[in-house]
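Engineer: need a structure here:
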Amino acid sequence: EDFTLEGGVRFNWERKSFELDVDTTAFLPSPTNPDGIPFFNPGSPTADEKTWTAPTGGLSLTYRFTEDVSAYWKYTRGWKTGHWNANVIEPAVPGFETLRAKPSAAEPETIDAFETGLRGTWLDGRLALGSSLFYYQYQNYQVFVVENQLGSPPQVQVINANNARVWGAEADFRAEPLSGWAPEFLEGLVLSGRFGWLESEFLDFTDTIFNQVPGNPAFIEALIVDYSGNRLPNTPRFKISATVEYTFDLGRFGTLIPRYDFTWTDDIFFDPSEGVGSNQFFGQGALPEYSLGQPAYGLHDARLTYRPPMGSVEISGWVRNITNEVYKSYTADVTVAAISILN
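Structural biologist: Okay, the predicted model is just below:
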């Protein structure tokens, strides 16, 4: 009677189709346009369609030590449908005006997720603790990138890494003072905190990037960039957050609730190169460290809430990032296509 077993299955079917027509205007001098006079160049219509299917499901087992404390084990098979990159432009060879649309498709992503954890409350609900361990195995992991290609504008795409994995742990708590043990003025105090540890790795991930042939800039060569072993984008190793909240009971005037939040995020990278860009693979040297990333930083927030006695209305004011911490939320490498870094 202390065990609960739950499970479910689903069959997924999705079809995506599109029609695309790319028209360009040429400005650069070329053998057929020596003066660089602008002219309209109609493109060729492109159409394509794909259908993706997959079964998914999950199974979980929960054991209750007591009414308030339980442990669980869980397995999930997840699936994310495929994606068309309809805005991909084939790199232009110097001396020729024609740019051609070259749509590509990112294949569906699948995940095998394993998780186990413990959650419970103690001391009449005044102390709540939760923790979990997890391991995620991805196939055809979909990576959001800004392709930094020669001869074409920066291109936002979703591409596949063959295999990737993520594993780590999470823990959280919520605590209120014990009645009869703590001074009476602390009765309205609530403390909470969260901790996350995350490891990630591309097991098999290469990308093709186009660049000029050294010594012969009129020709473009395809280079294979290997990101295997690198961390996945947007996966900081550690993240910590904490909250302090206090409820002042004003009697017939309602309640006043000040709150303070702190969040600390470890080093984070915005692309598969771990923040140094793809130029390193062209023999031009890597970008400075964290050019495409953000070193660890902390944020402080404050909030003040007033609730009238009826409790049906709430008025709040807040200040985010009290210390005016400057940090990057995203950066893209477009040094090849546009000789710059996009923030």
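Engineer: low-scoring stretches of the stretch 51-200 of the chain, by residue?
Structural biologist: Across the stretch 51-200 of the chain, residues meeting the criterion (pLDDT under 70) sit at 89-101, 148-152, 179-180, 182.
Engineer: grab the nearest non-local neighbour of D333.
Structural biologist: The shortest distance from D333 to any non-neighbouring residue, by CB to CB, 6 or more residues apart in numbering, is to G277 (4.1 Å). For every residue, glycine as well, the C-beta is placed using N, CA and C.
Engineer: for that neighbour, grab phi and psi.
Structural biologist: Dihedral pair for G277: phi 80, psi 180, per degrees, to the nearest 10.
Engineer: just give the strands next to the helix or strand hosting E115 in its sheet, each with its orientation.
Structural biologist: Per DSSP states H and E: E115 is located in strand 109-122. Using DSSP bridges, strand 109-122 pairs in its sheet with strand 69-80 (antiparallel), strand 127-147 (antiparallel).
Engineer: would CSV of those strands with distance to F238 and mean neighbour count be doable?
Structural biologist: As requested, the strands paired with strand 109-122 are exported to CSV (distance: least, CB to CB, whole Å; neighbours: other CB atoms under 10 Å):
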stretch, distance to F238, mean neighbour count
strand 69-80, 24, 16
strand 127-147, 15, 18
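Engineer: A54: which of the ones you listed is closest?
Structural biologist: strand 69-80 (4.5 Å; CB to CB).
Engineer: right, and the helix or strand after that closest one?
Structural biologist: strand 83-85.
Engineer: quick revisit: to D48, which of the strands paired with strand 109-122 lies closest?
Structural biologist: Counting by CB to CB, D48 lies closest to strand 127-147 out of the strands paired with strand 109-122; the figure is 18.3 Å.
Engineer: can you name the next helix or strand after that closest one?
Structural biologist: Heading C-terminal from strand 127-147 (DSSP H and E), you reach strand 155-175.
Engineer: just the CA atoms of that following strand, as PDB, please.
Structural biologist: Only the C-alpha atoms of strand 155-175 are listed here, as PDB (Å, rounded to 0.1, in the frame of the first residue of the first chain):
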ATOM      1  CA  GLN A 155      22.000  32.500 -40.100                       C
ATOM      2  CA  VAL A 156      19.900  31.400 -37.200                       C
ATOM      3  CA  GLN A 157      19.500  27.700 -37.400                       C
ATOM      4  CA  VAL A 158      18.700  24.600 -35.400                       C
ATOM      5  CA  ILE A 159      21.200  21.800 -36.100                       C
ATOM      6  CA  ASN A 160      21.700  18.300 -34.700                       C
ATOM      7  CA  ALA A 161      24.400  16.900 -32.500                       C
ATOM      8  CA  ASN A 162      24.400  13.200 -32.800                       C
ATOM      9  CA  ASN A 163      24.600  12.400 -29.100                       C
ATOM     10  CA  ALA A 164      24.800  14.500 -25.900                       C
ATOM     11  CA  ARG A 165      24.200  13.900 -22.200                       C
ATOM     12  CA  VAL A 166      23.400  15.900 -19.100                       C
ATOM     13  CA  TRP A 167      23.500  14.800 -15.500                       C
ATOM     14  CA  GLY A 168      23.400  16.500 -12.100                       C
ATOM     15  CA  ALA A 169      21.500  17.100  -8.900                       C
ATOM     16  CA  GLU A 170      19.000  19.600  -7.400                       C
ATOM     17  CA  ALA A 171      18.000  20.400  -3.900                       C
ATOM     18  CA  ASP A 172      15.600  22.900  -2.300                       C
ATOM     19  CA  PHE A 173      14.300  23.800   1.100                       C
ATOM     20  CA  ARG A 174      11.700  26.000   2.800                       C
ATOM     21  CA  ALA A 175      11.800  26.800   6.500                       C
END
